[in-house]
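A.B. asks: Provide a 3D model corresponding to the input given below.
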Amino acid sequence: MSTPLLNVALPVLFAVFVWWFSTGIVLLLDGLPRTTFRWSHLLSTLLGLGAFVGLAHTAPQTTPAGAFCAFTCALLVWGWHELSFLTGWVTGPRQHAADPGAQGWQRFVQAVQAILWHELAILASGLMIVAITWGAPNQIGTQTFAVLWVMRISAKLNVFLGVRNLSIELLPPHLAYLASFFRKRAMNLLFPLSVSASTVVAVWMVNEALGSPAGSARATGLLLVATLLVLAILEHWLLVLPLQATALWQWAMRNRDGAAPVAPEPLSIAPMDADEKLLHAR
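C.D. replies: Here you go, the predicted structure:
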């Protein structure tokens, strides 16, 4: 493998592996007995705090190693939020299913209430990362966290409006009530906008990376973040394609019985409903 090709392949392969492995670790820890959650939280919190230190340390660095480190640190902070949410530690003030027949604004508000503390915690971490790296040359950590946040919000909105694959088997029993806010449909009006906009950004980032000096901090950082964005786009497509995304993490879900919390609604392509009208009102 030539050096230029290695300079491209290494960040891409690293981002793919870290995305796959870190997701699996979170699912694995969440599937353990609840008596282990305190230790999982302790370890995750220590790693998260260390990640903030790492972000501060690498912020002034303009080396490929600094880009790799900032990228990894941002993922560690994100992992803390994912684990705290899936274990039920930081969710929202509403911890029960949607009201029967709730539609439109009422259903949207109830869905937000179910994840409000989680979203506010992510916002706080994002602002902290921005503050730590403000004005510094290494913005890979901030960009990584921003991509994770924006694409996760997009995924949540798409699941709320309706997609083919809800992956409710990923929900632990103590969060089974969240499935009441999901909707099973072939497609919703937000989905094509989500994947189109994110694809344009991903193409631009890859083009910028390939146009930068091979092996430079800029090229490495852009490839890391662009790969993560492409993976998030892939996750979006897996929401609507007839494929089983959870097969990627079967090794991490061996302690689960795989039973779905609720029975899905019949698959259909419905006209714009009250929820979609709410999100497209502007």
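
A.B. asks: Now residue 96. Nearest residue, chain neighbours left out?
C.D. replies: residue 177 (5.3 Å; C-beta to C-beta, 6 or more residues apart in numbering). C-betas here are computed from N, CA, C, even on glycine.

A.B. asks: Using the three-state scheme, assign the one you found.
C.D. replies: Recorded secondary structure, residue 177: helix (DSSP: H, G, I helix; E, B strand; the rest coil).

A.B. asks: before we move on, what about the one 10 residues further on?
C.D. replies: Residue 187 carries the three-state label coil when classified by three-state DSSP.

A.B. asks: so how many other residues sit close to it?
C.D. replies: 17 (other C-beta atoms under 10 Å).

A.B. asks: Please give me every residue in contact with the residue nearest to residue 96.
C.D. replies: 95, 96, 97, 114, 261 (C-beta atoms under 8 Å, 6 or more residues apart in numbering).

A.B. asks: With residue 81 instead?
C.D. replies: If you count contacts by C-beta under 8 Å, 6+ apart, residue 81 has them with 90, 118, 121, 122, 125.

A.B. asks: let's see 7 Å
C.D. replies: By C-beta atoms under 7 Å, 6 or more residues apart in numbering, residue 81 lies in contact with 118, 121, 122, 125.

A.B. asks: Next step: those restricted to helices.
C.D. replies: 118, 121, 122, 125 (DSSP state H).

A.B. asks: Excluding chain neighbours, what is closest to the third one?
C.D. replies: Leaving out its chain neighbours, the residue that sits closest to residue 122 by C-beta to C-beta, 6+ apart is residue 81, at 5.4 Å.

A.B. asks: in what helix or strand does the one you found lie?
C.D. replies: Assessed by DSSP states H and E, residue 81 sits inside helix 64-86.

A.B. asks: average model confidence for that helix?
C.D. replies: Averaging pLDDT along helix 64-86 yields 96.

A.B. asks: what's the answer for stretch 172-185, then?
C.D. replies: So the average pLDDT for stretch 172-185 ends up being 92.

A.B. asks: could you dump it to PDB, C-alpha only?
C.D. replies: Only the C-alpha atoms of stretch 172-185 are listed here, as PDB (Å, rounded to 0.1, in the frame of the first residue of the first chain):
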ATOM      1  CA  PRO A 172     -33.700  -2.100  27.300                       C
ATOM      2  CA  PRO A 173     -36.800  -3.100  29.300                       C
ATOM      3  CA  HIS A 174     -36.600   0.000  31.400                       C
ATOM      4  CA  LEU A 175     -36.900   2.200  28.300                       C
ATOM      5  CA  ALA A 176     -39.500   0.200  26.500                       C
ATOM      6  CA  TYR A 177     -42.000   3.000  26.900                       C
ATOM      7  CA  LEU A 178     -40.000   5.000  24.300                       C
ATOM      8  CA  ALA A 179     -41.200   2.700  21.600                       C
ATOM      9  CA  SER A 180     -44.700   4.400  21.900                       C
ATOM     10  CA  PHE A 181     -43.200   7.500  20.300                       C
ATOM     11  CA  PHE A 182     -41.900   5.500  17.300                       C
ATOM     12  CA  ARG A 183     -43.900   5.000  14.100                       C
ATOM     13  CA  LYS A 184     -43.400   2.300  11.600                       C
ATOM     14  CA  ARG A 185     -43.800   3.500   8.000                       C
END
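
A.B. asks: All set now, cheers.
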